[in-house]
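Trainee: Next input, structure requested:
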Amino acid sequence: MKVLFSSLVIMMAGLVNASTPIEMLVPVDHVYAPIGFDSNDSVEIVVTGFLPNLCHKSPEANVTIEGNDVKVEVSSLYYQESNPYCPTMVVPFTKTIDLGLLDKGNYNIKVNGKSPWELTEKINVSESTSNAVDDFHYAYVNYIDKEVTKGEVVLRGYNPSDCFVLDKIDYVHNGKDTYSVLPKMKQVRGFCPMKMVPFKYSWKVPNDLNKSKVLIHVRTMDGKSVNSVYVK
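Mentor: Down below sits the predicted model:
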């Protein structure tokens with residue numbers, strides 16, 4: 001009986017350990033740094049990587065800023081591989097990381113420093129020319145649809161009123177791997193009733209960047225962005 005009881009205690013302890021997560025850095029493979037942010041914007045970068053198996057859950061980012069050095073740690077809660085409910089499966093992810101308001105200047109970004117997956121990048125923040133979060137009204141995009149005509153994406157979302165219509169879609173790129181897409185709206189009436197209006201705007205992906213994989217970084221009405229990696 002004592003032997004059986006001891007065995008049960010050991011098994012229960014193993015299950016508790018298997019179900020108790022610990023925080024671990026996860027593999028990252030690329031850092032995208034969009035351009036066009038000023039000192040009145042909430043600056044963002046985008047990181048891609050993968051979870052090695054389903055023992056890892058929901059990657060999160062911790063940001064530390066010291067002067068012009070930005071340190072980012074991308075980690076997840078990790079359940080030990082002895083957990084019987086942990087299938088072996090690689091899970092890719094794309095993570096938008098909010099760096100907050102930054103003063104004008106050039107910033108050095110280090111992601112998962114002192115690890116096998118250390119990555120570095122640079123980002124520039126210009127001086128704000130107004131107190132507004134954005135200089136334009138942008139469409140409230142909440143999804144980028146890539147399953148369309150080859151070479152195009154569709155920006156989908158809702159406008160808060162039918163008095164706003166699309167004016168034009170501008171873009172800039174960082175010269176390497178990121179298109180910052182600016183779906184600019186115009187107001188066509190003075191009276192704007194609150195009425196959620198669905199939209200879909202097609203946008204042809206340019207060939208300005210000689211990359212097979214680029215980030216589509218779409219600025220939205222709330223001062224944030226929607227991001228998706230596009231494979232040509």
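
Trainee: Go ahead and flag the most central residue of the protein.
Mentor: Thr96 (1.8 Å; CA atoms, centre = their mean).

Trainee: domain parsing for the chain?
Mentor: 22-125, 141-231 (automatic domain parsing).

Trainee: one step back: surely the residue nearest to the centre of the chain meets Val46?
Mentor: Yes - with contact defined as CB atoms under 8 Å, Thr96 counts as touching Val46 (5.3 Å). Quick note: C-beta positions are derived from backbone N, CA and C, even for glycine.

Trainee: list residues touching both of these two?
Mentor: Counting by CB atoms under 8 Å, 6 or more residues apart in numbering, the residues touching both Thr96 and Val46 are Asn227.

Trainee: circling back to that earlier point, switch the domains of the chain over to CSV; also include mean pLDDT.
Mentor: Converted to CSV, the domains of the chain look like this (pLDDT from 0 to 100):
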stretch, mean pLDDT
domain 22-125, 91
domain 141-231, 92
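
Trainee: Where does the residue nearest to the centre of the chain sit, in terms of helix or strand?
Mentor: strand 91-101 (DSSP states H and E).

Trainee: following that strand, which helix or strand shows up next?
Mentor: With DSSP H and E, the next secondary element past strand 91-101 is strand 105-111.

Trainee: Could I get the full set of helices for the chain?
Mentor: Counting by DSSP state H, the chain has helices at residues 2-19.

Trainee: So what touches the strand holding Thr96?
Mentor: 39-51, 53-54, 56, 59, 61, 63, 65, 70, 72, 74, 224-225, 227-229.

Trainee: Could you list the buried residues of that strand?
Mentor: By neighbour count on 16 or more other CB atoms under 10 Å, the buried set for strand 91-101 is Phe93, Lys95, Ile97, Leu99.

Trainee: Tell me the bridge partners for the second one.
Mentor: Beta-bridge partners recorded for Lys95 (DSSP bridges): Val47.

Trainee: distance of it from Ser58?
Mentor: 10 Å (CB to CB, to the nearest Å).

Trainee: sorry, back to before: any chance of the buried residues of strand 91-101 in a markdown table, plus distance to Leu155?
Mentor: As requested, those are exported to a markdown table (distance: CB to CB, whole Å):
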| residue | distance to Leu155 |
| --- | --- |
| Phe93 | 22 |
| Lys95 | 21 |
| Ile97 | 22 |
| Leu99 | 24 |
